[in-house]
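*Asks:* Quick one, what's the 3D model for this:
(6 chains)
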Protein chains: 6
Amino acid sequence: MRTDGRGAESLRAIKITRNYLKHAEGAVLVEFGDTKVICTASVEESVPPFLRGKGSGWVTAEYSMLPRATHSRSSREAARGKIGGRTHEIQRLIGRSLRAVMDLTLLGERSVLIDCDVIQADGGTRTASITGAYVALVDALQWLVDRGALASLPIREAVAAVSVGIVDGTALLDLDYREDSSAEVDMNFVMTSSNRFVEVQGTAEAEPFTCEQMDAMRNLAMAGIRQLFVVQQEALRQ
Amino acid sequence: MRTDGRGAESLRAIKITRNYLKHAEGAVLVEFGDTKVICTASVEESVPPFLRGKGSGWVTAEYSMLPRATHSRSSREAARGKIGGRTHEIQRLIGRSLRAVMDLTLLGERSVLIDCDVIQADGGTRTASITGAYVALVDALQWLVDRGALASLPIREAVAAVSVGIVDGTALLDLDYREDSSAEVDMNFVMTSSNRFVEVQGTAEAEPFTCEQMDAMRNLAMAGIRQLFVVQQEALRQ
Amino acid sequence: MRTDGRGAESLRAIKITRNYLKHAEGAVLVEFGDTKVICTASVEESVPPFLRGKGSGWVTAEYSMLPRATHSRSSREAARGKIGGRTHEIQRLIGRSLRAVMDLTLLGERSVLIDCDVIQADGGTRTASITGAYVALVDALQWLVDRGALASLPIREAVAAVSVGIVDGTALLDLDYREDSSAEVDMNFVMTSSNRFVEVQGTAEAEPFTCEQMDAMRNLAMAGIRQLFVVQQEALRQ
Amino acid sequence: MRTDGRGAESLRAIKITRNYLKHAEGAVLVEFGDTKVICTASVEESVPPFLRGKGSGWVTAEYSMLPRATHSRSSREAARGKIGGRTHEIQRLIGRSLRAVMDLTLLGERSVLIDCDVIQADGGTRTASITGAYVALVDALQWLVDRGALASLPIREAVAAVSVGIVDGTALLDLDYREDSSAEVDMNFVMTSSNRFVEVQGTAEAEPFTCEQMDAMRNLAMAGIRQLFVVQQEALRQ
Amino acid sequence: MRTDGRGAESLRAIKITRNYLKHAEGAVLVEFGDTKVICTASVEESVPPFLRGKGSGWVTAEYSMLPRATHSRSSREAARGKIGGRTHEIQRLIGRSLRAVMDLTLLGERSVLIDCDVIQADGGTRTASITGAYVALVDALQWLVDRGALASLPIREAVAAVSVGIVDGTALLDLDYREDSSAEVDMNFVMTSSNRFVEVQGTAEAEPFTCEQMDAMRNLAMAGIRQLFVVQQEALRQ
Amino acid sequence: MRTDGRGAESLRAIKITRNYLKHAEGAVLVEFGDTKVICTASVEESVPPFLRGKGSGWVTAEYSMLPRATHSRSSREAARGKIGGRTHEIQRLIGRSLRAVMDLTLLGERSVLIDCDVIQADGGTRTASITGAYVALVDALQWLVDRGALASLPIREAVAAVSVGIVDGTALLDLDYREDSSAEVDMNFVMTSSNRFVEVQGTAEAEPFTCEQMDAMRNLAMAGIRQLFVVQQEALRQ
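*Replies:* Sure, this is the predicted structure:
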C-alpha cells in the first residue's frame, strides 16, 4: 500500500477547473493530488519567423514553477538570468505533445502559446501540465471557432500524460514527490485518445530496467491515461 | 460613480486567504477585486553577504506576473534573460516596506524571502502585494516562534498599502486597471498601523498635480489603509 | 548647523555649465556641491517601436556612475552584464520627469535620449540629474528649432528636483552623502515651474514619518526648487 | 533499401579512435557513418557544491556542435550568450547515461567532465556521443587506476546508444540525417551491456505510434546496441 | 637548440588538409606542429546591417577552442554565457587579416563567415588560424566562381601569419606552448604575399624590448611567412 | 599641413590634470587635443583568485566611453548586457602596458584598478588612456607610500603611448578622429622611459604597409612619446 493509501495502479485525485483566470482565451487549474498547475492558452495572430508565409500555425509552451512551489525555495530563473536545463526539457516536451494532436495547417498563421505555471509541486508536474494544457488549448481554439476565425477545432484527438515508476521493485502509477524521490526508474508517457504514443521518456535513476519492467510500466500508464481522458472530457462538457 | 458602482472613497472587495499553499512557512492569496496575488514567505537560516556576522536578519522580496495575468500576454522575464525596470522598482518597494516594520536584530541572522506572484492583474498589484505579504510574513515569523526559534514576533506594527489616483479631476481610492490607465496622477501609499508613512510614491502620468490634490489623495489613502488593517487583522485572527 | 555650515533650508552651491562636451546637441555639467553629473541630450530621428506611426516623439533617459564616483569603487554594470535595480529606478524617474513637461506630439516622430553620467557622487545624484538634464534637453530642442526642424520649443514648463530628508528629527534640504546616510526619511520631489508636482518619492529609512513631517519636507522642497529654477534660467540665458 | 544501401536493421560504419587528442585523460573520435564527434574525458579533483563532503564523485557532460558541422551554418551558442534547449536536453542525457553505469562512491570526491563536440553531423549525434564518451570515460578512469588513484575501474558495465525511427511506416536502425528528417517517429535507446535500459526517449514527429511499433523499434535498437558493445570492446582492447 | 630540436629560425611541421569536413564551402585542417585548427568558410547571401545596399561584401571570423584543447580543461564560453576578451581579440584579428587581402566590392553583397575551432592547442593558435583560414576562404570563393556567382576570385594576394618571440634573449620563430610560456616578448606578424604587413602585434610579457630586438623578430617572421605561402600554394594546387 | 595646422611630427596639445575627482587614490583628466579621458586608480587590499597566496600584486584596467563621447551616440554596454570586442581589446592593452613597468612583487597582495572613462573622443583614446593612467597609478602608489603601506614606489620606469598612422601616404603622429578615419595604416606604440617597447600594434586599414613605412612610423612614435614623458613628469612634479 502507498503512503496515501492508493493501490499501485491508482491515480491521485484529478481535478480540472476551467476558466480559472479571466484574461486568457483558455485558463485551467489542473490538480493531480497536491500538484497544482495553472495552464493558460493565449492566441496570437502571428507565427515564429521560420513559419511565416507557410500557411501553418504553431503551438508552443513555457513552463515555470513559483519559487516556493517546492518544499524548499528554489531561486527564480528570471533572477538567475537564464532558463535551466530541466525547464527547457519540460517546455519542449509540452509543446511537442500538443502539436502532435493539432492540425497546424487548419489553425492558419496564428500561434497558441501555452503557459504552465506550477503553483504547488508534489511530483508529476510535467504530466499534469500536458493533461491540463490540452483542455486550455481546446478552450482557446473554441474561442477562435466562436468568433468565426476557425470553422472547426483543428484538433485530431485528445492528448494526456502520466508518470509511472518503479519503487522498491514495484511499478507504480502517478508518483507523488516522495515516491518519485525514491524511484529506481521514472517514465513519462504521453498518449492520444486513439491509444497511441506521442512521447515516451524513461530514465533509470538508480538501476537499469528490463524489457519486462518497461512493459509493466507501459501497461499501467495506458490504463491511467484512459482515465485522464474521461476527466478531460467531463471538464470540457461542463 | 465608478464603473463597478463603487464610490470614490471605496476599496474593492478585499480578501486574504491564509495557508493557500502547503510548502511555504507563510502562504497567502490576496485579492483586491480581480487582482489576485500569491504571497509566500520563506524562512532561510542565512543572510546576504553584507550582513554576515552582524547579528541582524533580512527581509527581501521578489515580484513577478504570470505571462497571462494581464489582458494580453507579456513575455516571461526568465525567457528574456533579465528582469525589467518595473519589476525591479516594485520588488525593492515591497522589501523596503516590510523591513520598515520589522525589528531585524530580533530576527537574528536569518532571512525571510517574500515572493509575490501575480496570477491575475487588474490594477494595484504592488499595493495588494504589500498588504498580502505582511500577512504571509507574520505567518512565517509565527512559525519561527512556534518552534522556539524566536521568543516573540519581531514586528513593531502592521503595514499595508493602497493606490490612489486622479481620474477626470477626481481623486479615487484603489484604482482598477481601467481607471489606472486613464488616471492623470497615480500615487501609492504604504503606511503602518500607527498611522505613519513608510513609502509614498506619486507620479503625474498626464498633468502635474497641486498640493491640494496631493492632500486629497493622501486623505483617501489614509482612510483606505485603515480598512486594510482590519482585513489583515481578521485574516490573522482565524 | 550642518557639517558644511549650511542652514536646514539651504541648497548646496548649484552650478550648471552648458556646452560641456562638443558632440552632443545638449551637454551640461551640473554640480550640487560635490555631486557632479554630465547630462547630455542626443537627438535621434526615430522613436521606439511602440510609438512608430503615431505622430508622437519620445524622451528617455539612462543613468550611470563612474566606478570611482563613489567613496569605494563599485563594479561596472557593463562588466556585471546587467543593470541593477537602483539604476533602473533612477533612469525611469528621470525619463518620466522630463516627459511630464514635454509636448511629445509637437516633438514629432523623433527621440531625445538623455544620458546622466555621475562623475563624482556626494548625495542627490538623481535630483541633480533631473535638474541638469532639463537644461541639456532645452539645448537639444533649441538645436532642432535653430535648424528649422521645429517651429518652437515643445516644452510646457521647466522641471527641477531636489532631495529632502529628516536627520535627527529635523527636516533638511538637499542632503549630502553623509547626511543621506544617517537620514531617517529620504524624499525626492520633482516639480514644474508652475509649482506643481510630477514625482514625489518618500522612503522611511529607519522610522515611519507623520503627515506633519511630510508637510515640512514638502515645504522645504518647494522653496528649494524655486531657487533651482532661477539657476536653470540663468544658465539658459547665457 | 536505404539511400546508402543498408538494410533496415543495419548500423552505419562505426569507428572509434582512441587517443585522438593529446591533452585529455580520455580522448576519442567516434564516427557513425558521416557523423563525427570528439569525446574527451577530463578528470578534476573536485565535485560540484551539492556533493562536497559526501564521499561521492560526479560525471557530467557538455555537448556542442561546430557552427558548420551542419548543412547550413548555425550560430555559436557562445555568441548568442546562452545554451539552447536542444543542447541542454542532450547534455543532460549524456551525463545521466554515463552516471548510470558508474559507481560514483568508488570514484571518490572527484569529477569526470565529458565534452562531446560534434565536428560533422549526419544524424544520431547524441547516440554517437554516448557511445564514444563511454570509451573516453574508461580511458580517463584507467588513467586514474594507472597512477594509483583508484584501485579498479569504478564502472559496473558498458553503456551505448542508438537511434531508431519509423520512416514510411518501416522501422529503421541508426538513422542518418536525411532519414531522420523524414521520420514519423524518432526513438533513442541507451542500454547497458547487461541488456537493460538506462534511457528511452521516443517522439512522434508526425504521427503517434502504436505499442507494436514501439516494440519493433525496441527490438532493432537492442540488436544494434549489442553490435556497438563489440566495437567499444575492440577499441578498448587495442 | 630548441626542445624539439628545431633551429631558432625554423617553423614546426606545417600541414594543411583541404576538404576536411563535408558541409562547408571551405573546410581546412591546419596543423602547426601539435596545434590543430579546423577552419571552415561558409558563404551567406547577406551582409551585416551596416553594409546593406552598399554593394560590398563582408568577411568575418569566429574563434573558439574545444574545452580540452588545452593542457587543463577550460570552461566553455557558451556555458559562461559570454565570450572572453582573448577570444574577442583573436577573432577580430583573423577577420581584419582576411579582409585586408579581399576585394570586398567584387565579392558582392554576400558574406563569408570563417570559423576557426582549435581542437588541439600547442602555441600559435591565432597565426595557424589565419594561415589555414586563408585556404578555406579561397576554397569558398572558388565554390562561388565554379557555380557562376563570381567571375573570378575577389582576392588580391595571399595572407599568412606566424608568431615570433624572445626566449632567454634569443629571437625564435613559431613558438610552441612551452616556449611561449617562458617568452619575454611575443610578436605576431600577419603578412601578404607581396611582402607587406597587415597586422603587427608585439607584447613584452616580462621585459620591454628594443628596436634591434623588434627588427630581429621581424626578420625571422618575414622568412617564416614566405615558407607558409609555399605550403598554402601547394595545398591549393592539389 | 594638417587640418589643425600641426606638422606631421607634432603632438596635439597634451594636458594632464591630477586630483580631478575627490574619492579615488589617483584621479587624472588627460587631454590629447579634444580627446578627454578620466583615469582613476583605486587601491584594493585583495588580488584576483589566480594570485592569492603568491605574494604578488595586480594591476588591471577597465575602459568605457560615455554614450555621447562620440559624434553620434553609441549604446551603453551595460544596456546591451555585454562588453564589446573593441572594449575588451583596449582594456587588456591598458592593463598589460601598466603591469609592464610595475614590480608586482613589491606591490604585495593588493590590486590597483584603473578605470579609463572617455568623456569626449577625438581619436587616440587608448593611447591617451595609457598615458594618463600611468600618472593616476603613480598617485595611487604614492598614496600607499604616504601611509606607510609601501616603502617605495614599486615602479621601474614610466610608460606612455601614442598613435601613428599613414594618411595619403604620409606618416603622421597622434591622429585625431578625422585623420584616423581616413588613415591607410594605424599603429599604436607603448614605450617605457628607457626607450623600449611594451606594446606595438599595427593594422593596415586599407593597404598593407612596408618595412620602410613601419620604420617611419616607429621613428615618429619614439619622438612623440619622449615628449609625453616630459608632460607626465611635469604633472607629477606639481
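*Asks:* can you pull the contacts of whichever residue of chain A sits closest to chain E?
*Replies:* For chain A, the residue closest to chain E is residue A:82, as judged by C-beta to the nearest C-beta, at 6.9 Å. The C-beta positions use only the backbone N, C-alpha and C, and glycine is treated the same way. By C-beta atoms under 8 Å, 6 or more residues apart in numbering or on different chains, the contact set of residue A:82 is B:78, B:81, D:82, E:81.
*Asks:* Please produce a markdown table containing those residues, extended by secondary structure, pLDDT and distance to residue D:154.
*Replies:* Formatted as a markdown table, the contacts of residue A:82 follow (DSSP: H, G, I helix; E, B strand; the rest coil; pLDDT from 0 to 100; distance: C-beta to C-beta, whole Å):
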| residue | secondary structure | pLDDT | distance to residue D:154 |
| --- | --- | --- | --- |
| B:78 | helix | 88 | 37 |
| B:81 | coil | 84 | 38 |
| D:82 | coil | 84 | 34 |
| E:81 | coil | 83 | 33 |
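*Asks:* Distance to residue E:103 for those residues - can I get that in CSV?
*Replies:* Below are the contacts of residue A:82 laid out as CSV (distance: C-beta to C-beta, whole Å):
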residue, distance to residue E:103
B:78, 47
B:81, 40
D:82, 37
E:81, 38
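*Asks:* Can you tell me which of those lies closest to chain F?
*Replies:* For the contacts of residue A:82, the nearest to chain F is residue B:81 (7.8 Å; C-beta to the nearest C-beta).
*Asks:* how far away is the closest one from residue C:82?
*Replies:* Residue B:81 is 9 Å from residue C:82, where distance means C-beta to C-beta, to the nearest Å.
*Asks:* for chain A, what's the longest helix?
*Replies:* helix A:211-237 (DSSP state H).
*Asks:* tell me what that one is packed against?
*Replies:* With contacts defined as 3 or more C-beta pairs under 8 Å, 6 or more residues apart in numbering or on different chains; DSSP states H and E, helix A:211-237 has these neighbours: strand A:14-17, helix A:125-146, strand A:159-167, strand A:170-173, strand A:185-192, strand D:197-204, helix D:211-237.
*Asks:* Comparing the ones you listed, which stretch has the densest surroundings?
*Replies:* Comparing the helices and strands packed on helix A:211-237 by mean neighbour count (mean count of other C-beta atoms under 10 Å in any protein chain shown), strand A:159-167 ranks first with a mean of 27.
*Asks:* Need the CA coordinates for that strand. CSV is fine.
*Replies:* Written as CSV, here are the backbone C-alpha positions of strand A:159-167 (Å, rounded to 0.1, in the frame of the first residue of the first chain):
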residue,chain,number,x,y,z
VAL,A,159,-3.7,14.1,-25.5
ALA,A,160,-2.9,13.4,-21.9
ALA,A,161,0.1,12.2,-19.9
VAL,A,162,1.1,10.4,-16.7
SER,A,163,4.2,9.3,-14.9
VAL,A,164,5.0,5.8,-13.8
GLY,A,165,7.9,4.5,-11.9
ILE,A,166,9.5,1.5,-10.2
VAL,A,167,9.7,1.9,-6.4
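*Asks:* Bridge partners for the closest residue in space to residue A:44 that isn't next to it in sequence, pull those for me.
*Replies:* Closest residue to residue A:44 apart from its sequence neighbours, by C-beta to C-beta, 6 or more residues apart in numbering or on different chains: residue A:111 at 4.7 Å. Beta-bridge partners of residue A:111, counted by DSSP bridges, are residue A:44, residue A:58.
*Asks:* which residues touch residue A:111?
*Replies:* With C-beta under 8 Å, 6+ apart, residue A:111 has these contacts: A:43-44, A:46-48, A:57-60.
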